[in-house]
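Novice: just coords:
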């Protein structure tokens, strides 16, 4: 079913659609119509993310539902990125190796059959990390959309990514499953039992950040959430944010432990989560700026589309 919150960025006054760009995450689907200069004519979205779809036919129907509303002219090429290319997605797009510049990703596009349209999936990216090949899908496209000269990117989320850029392309990255661990501990562990899951406290969050900086024994410090609760050593309303501060703090510190000045970190994401990470970086004295997730995605996808001569 179409999401009632779907919206337009601007009225469609007859501008020709040059490209349909699709951002397909685990829990969301967003479709953007681009004009010939890379501007966004319209955006539509639904909650039919990858995790809710279980067959190629279901993926095709979910996309068709959005395109059938007066967004699409039925002729523009379609470029998709994100979890749509995962093993459990519409069609698996093999990972591209580092470095991941726009030209390299364009050369590795996975063709997709959809209603006799020119369509393709942007591959994910894999690269050697600390003892294993790390992987990502979607963040590489967002990273290509940050302003020129940016050398470091943070894409917070369920599995946060920290990316290194050079020459406008991704040359390295690391993943931190911070959001997933927070959810598991808060909702499915003894550490989180009895804590008000919806409570938020900036004071508790900052205490978590400071503890992470002062105490590197992160596994021991996580149990401190439980100890503070049962000993009434902190207001219970502060403890979810304290846990968040611990986890985000350890992530930010680990991702920024290399010597040297990498310049400002571009924090990509929705307003609330990006602001939370900005607070952590500010507390640690790490220069940064925020770029909205859809903006970065659309700019990056347009770069890939131009490199692939889709537009």
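Specialist: Structure's in. What do you need? As the structure is a prediction and not an experimental result, all values here were calculated from the model.
Novice: can you pull out the strands in the stretch 51-200 of the chain?
Specialist: Along the stretch 51-200 of the chain, counting by DSSP state E, counting those that start in this stretch, strands occupy 78-82, 96-97, 110-111, 119-121, 125-128, 133-136, 152-155, 160-166, 169-176.
Novice: looking at these, which is buried most?
Specialist: Across the strands of the stretch 51-200 of the chain, averaging neighbours per residue (mean count of other CB atoms under 10 Å) puts strand 78-82 on top, at a mean of 27. For every residue, glycine as well, the C-beta is placed using N, CA and C.
Novice: what's that strand packed up against?
Specialist: Here strand 78-82 is seen to pack against strand 19-24, strand 119-121, helix 293-307 when contacts are counted using 3 or more CB pairs under 8 Å, 6 or more residues apart in numbering; DSSP states H and E.
Novice: Just checking: what are the partner strands of that strand?
Specialist: Strands that pair with strand 78-82, judged by DSSP bridges, come out as strand 19-24 (parallel), strand 119-121 (parallel).
Novice: Using a markdown table, lay out the strands of the stretch 51-200 of the chain together with distance to residue 24 and mean pLDDT.
Specialist: A markdown table is the format used below for the strands of the stretch 51-200 of the chain (distance: least, CB to CB, whole Å; pLDDT from 0 to 100):
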| stretch | distance to residue 24 | mean pLDDT |
| --- | --- | --- |
| strand 78-82 | 4 | 98 |
| strand 96-97 | 17 | 96 |
| strand 110-111 | 13 | 98 |
| strand 119-121 | 9 | 98 |
| strand 125-128 | 16 | 94 |
| strand 133-136 | 14 | 96 |
| strand 152-155 | 16 | 97 |
| strand 160-166 | 17 | 96 |
| strand 169-176 | 19 | 96 |
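Novice: between the helices and strands packed on strand 78-82, which one is nearest to residue 155?
Specialist: helix 293-307 (8.0 Å; CB to CB).
Novice: quick one: low-confidence parts of the chain?
Specialist: Within the chain, the segments meeting pLDDT under 70 span 1-15, 259-261.
Novice: Go through it and flag its longest helix.
Specialist: Scanning the chain for the longest helix, with DSSP state H as the assignment, gives helix 239-255.
Novice: Let me see the contact set for residue 154.
Specialist: By CB atoms under 8 Å, 6 or more residues apart in numbering, residue 154 lies in contact with 160-163, 252, 255, 265-268, 277, 281, 288.
Novice: tell me which of the residues you listed is nearest to residue 27?
Specialist: Distance to residue 27, by CB to CB, is smallest for residue 160 among the contacts of residue 154, at 16.1 Å.
Novice: The nearest residue to that closest one once chain neighbours are set aside: what's it in contact with?
Specialist: In space, and not counting its chain neighbours, residue 160 is closest to residue 176: 4.6 Å by CB to CB, 6 or more residues apart in numbering. Listed by CB under 8 Å, 6+ apart, the contact partners of residue 176 are 159-162, 251, 254-255.
Novice: one step back: okay, the contacts of residue 154 in a markdown table with distance to residue 111 next?
Specialist: Listed next are the contacts of residue 154 as a markdown table, based on distance: CB to CB, whole Å:
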| residue | distance to residue 111 |
| --- | --- |
| 160 | 31 |
| 161 | 26 |
| 162 | 31 |
| 163 | 27 |
| 252 | 39 |
| 255 | 35 |
| 265 | 35 |
| 266 | 31 |
| 267 | 34 |
| 268 | 28 |
| 277 | 36 |
| 281 | 40 |
| 288 | 38 |
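Novice: of the residues you listed, closest to residue 311?
Specialist: Of all the contacts of residue 154, the one with the least separation from residue 311 (CB to CB) is residue 268, at 22.9 Å.
Novice: returning to that earlier point: out of the strands paired with strand 78-82, which comes closest to residue 228?
Specialist: Checking the strands paired with strand 78-82 against residue 228 by CB to CB gives strand 19-24 as the closest, at 39.5 Å.
Novice: Give the burial count for the residue nearest to residue 50 when sequence neighbours are not counted, as a bare number.
Specialist: Nearest residue to residue 50, sequence neighbours excluded (CB to CB, 6+ apart): residue 83, at 4.0 Å. The number of residues packed near residue 83 is 24, by other CB atoms under 10 Å.
Novice: Would you check that residue 83 makes contact with residue 91?
Specialist: No: counting by CB atoms under 8 Å, residue 91 is not a contact partner of residue 83; they are 11.7 Å apart.
Novice: Could you count how many residues lie near residue 230?
Specialist: Look at residue 230: counted by other CB under 10 Å, it has 10 neighbours.
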